[in-house]
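>>> next one to model:
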Amino acid sequence: MLQIDKKTALLQLGQFLQQFGTEQPIKNSAVLHNDLFFDRMLGHIETAQHYNGWFTPEQMRFALQSWAAALTESNLDTWLKGYDFSATSPKTIGLVLAGNIPLVGFHDVLSVLVSGHQALVKTSSNDQKMVPFLVEYLIACQPELQNCITFTEGKLEGFEAVIATGSNNTARYFEYYFKDKPSIIRKNRNSVAVLDGTETKEDLIQLGEDIFRYFGLGCRNVSKLFVPKGYSFATFFEAMYTYNDLIQYDKYANNYDYNKAVYLMSLFPILDNGFLTIKEDSGYASPISSVFYEYYSHLDDVKKRLSEEADQLQCIVSNGLIFNSIPFGKTQRPELWDYADHVNTLDFLKSI
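As a prediction, the model looks like this:
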């Protein structure tokens, strides 16, 4: 397929997804193949939680809206600028997708497709429905894509390179199993926010989006705060209360009750607002419904530590305190060129 044909299909997918960002989707008669896919998409949004209790309709709509915003002509041009895949010798790329948040593996699928390779995809048991459905829509837009992607439920076989995402434990298995193939192996990462006490309540409300979106299950969710010594959490908790309806979700409430009980029984000092606990801790990976924090005396010390431990981090959020940090509220709205683990997927696919 010509690259222009794939770009057209992605633009059509973006236009299709634009319809589903609100609680009451509005059908746009100008969108291609709506007669075949619109009602089915509504069904997928409503039933996703049956297969994965974390995939509520609200979270599904947010994920779809984020992809709609990403798949624009200007974004695709920026992402693909400087790449010429016209001479690609197609290889089969095995993809082992994560499933912690909706559509988290879709970027890998699109990267393989635009690079001219063929994707052999193993979806996560936690996110089995939506990625194949969106690929089905792309194939309806450009039938030639049918030959570029295969889904498998069994063992990956017959691939020439692999991109696999999992935990630190599964990464060790991946590294052994795929040791003879070119690969990108992704592990656990976490995101942090660096505060200095000058943040407004609105800033902190936006930080709450970084903490609570997808219930905190993504590597781009903020799980750790760095705050100056003497920092008062009063405004922070006032801002976080914007998200208090999270406690209405049983899975979140169960995690909150369990993790709070563990902290109390272990005699850990915590701060608590009824749906979020924060705990002073040097680690990065806080449990669901909890955020770690750590005091600092000098900002330069934080910068040095974050630089030294960059391989554990996905996003750093601040009001410009850290070079190249992300503004509050933006972590779960990555651009197409914001690569997981900061490894450029297109460069990898170009090199094999």
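>>> please make it C-alpha for all contacts and neighbour counts, starting now.
OK.
>>> residues contacting K201?
Contact analysis of K201 by Cα atoms under 8 Å, 6 or more residues apart in numbering lists T235, F236, E238, A239.
>>> ChimeraX command for the buried members of those?
Selection command for ChimeraX covering only the buried members of the contacts of K201, criterion 16 or more other Cα atoms under 10 Å:
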select :235,236,239
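>>> CSV for the contacts of K201, including secondary structure and pLDDT?
Shown next, in CSV, are those (DSSP: H, G, I helix; E, B strand; the rest coil; pLDDT from 0 to 100):
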residue, secondary structure, pLDDT
T235, helix, 98
F236, helix, 98
E238, helix, 98
A239, helix, 98
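>>> as TSV, the contacts of K201 with distance to G43 would be great.
Shown next, in TSV, are the contacts of K201 (distance: Cα to Cα, whole Å):
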residue	distance to G43
T235	40
F236	38
E238	37
A239	34
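>>> closest one of the contacts of K201 to W79?
A239 (34.9 Å; Cα to Cα).
>>> can you give me the helices in the chain?
Remark: helices assigned in the chain by DSSP state H are 3-17, 34-51, 57-70, 73-80, 106-114, 130-141, 168-177, 201-212, 234-240, 250-265, 299-308, 345-351.
>>> middle-most residue in this protein, spatially?
Centroid-nearest residue in the chain, with Cα atoms, centre = their mean: V104, separated by 4.9 Å.
>>> please export the alpha-carbon coordinates of stretch 222-233; CSV is fine.
C-alpha atoms of stretch 222-233 as CSV (Å, rounded to 0.1, in the frame of the first residue of the first chain):
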residue,chain,number,x,y,z
VAL,A,222,1.3,10.4,38.6
SER,A,223,2.0,8.1,41.5
LYS,A,224,4.6,10.2,43.4
LEU,A,225,4.9,13.8,44.5
PHE,A,226,8.1,15.7,45.3
VAL,A,227,7.2,18.6,47.6
PRO,A,228,9.4,21.2,49.5
LYS,A,229,9.9,20.8,53.2
GLY,A,230,7.1,22.4,55.1
TYR,A,231,4.7,21.9,52.3
SER,A,232,1.0,22.1,53.3
PHE,A,233,-1.3,19.6,51.7
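>>> for that stretch, buried residues please.
So stretch 222-233, judged by 16+ other Cα under 10 Å, has buried residues V222, S223, K224, L225, F226, V227, P228.
>>> one more: stretch 247-255?
In stretch 247-255, counting by 16+ other Cα under 10 Å, buried: I247, Y252, A253, N255.
>>> report the separation between the closest residue to the first one other than its chain neighbours and Y284.
This means I247. The shortest distance from I247 to any non-neighbouring residue, by Cα to Cα, 6 or more residues apart in numbering, is to A253 (5.0 Å). Distance of A253 to Y284, given as Cα to Cα, to the nearest Å: 22 Å.
>>> as JSON lines, the helices of the chain with distance to F151 would be great.
Formatted as JSON lines, the helices of the chain follow (distance: least, Cα to Cα, whole Å):
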{"stretch": "helix 3-17", "distance to F151": "19"}
{"stretch": "helix 34-51", "distance to F151": "18"}
{"stretch": "helix 57-70", "distance to F151": "21"}
{"stretch": "helix 73-80", "distance to F151": "25"}
{"stretch": "helix 106-114", "distance to F151": "11"}
{"stretch": "helix 130-141", "distance to F151": "8"}
{"stretch": "helix 168-177", "distance to F151": "19"}
{"stretch": "helix 201-212", "distance to F151": "31"}
{"stretch": "helix 234-240", "distance to F151": "41"}
{"stretch": "helix 250-265", "distance to F151": "30"}
{"stretch": "helix 299-308", "distance to F151": "38"}
{"stretch": "helix 345-351", "distance to F151": "19"}
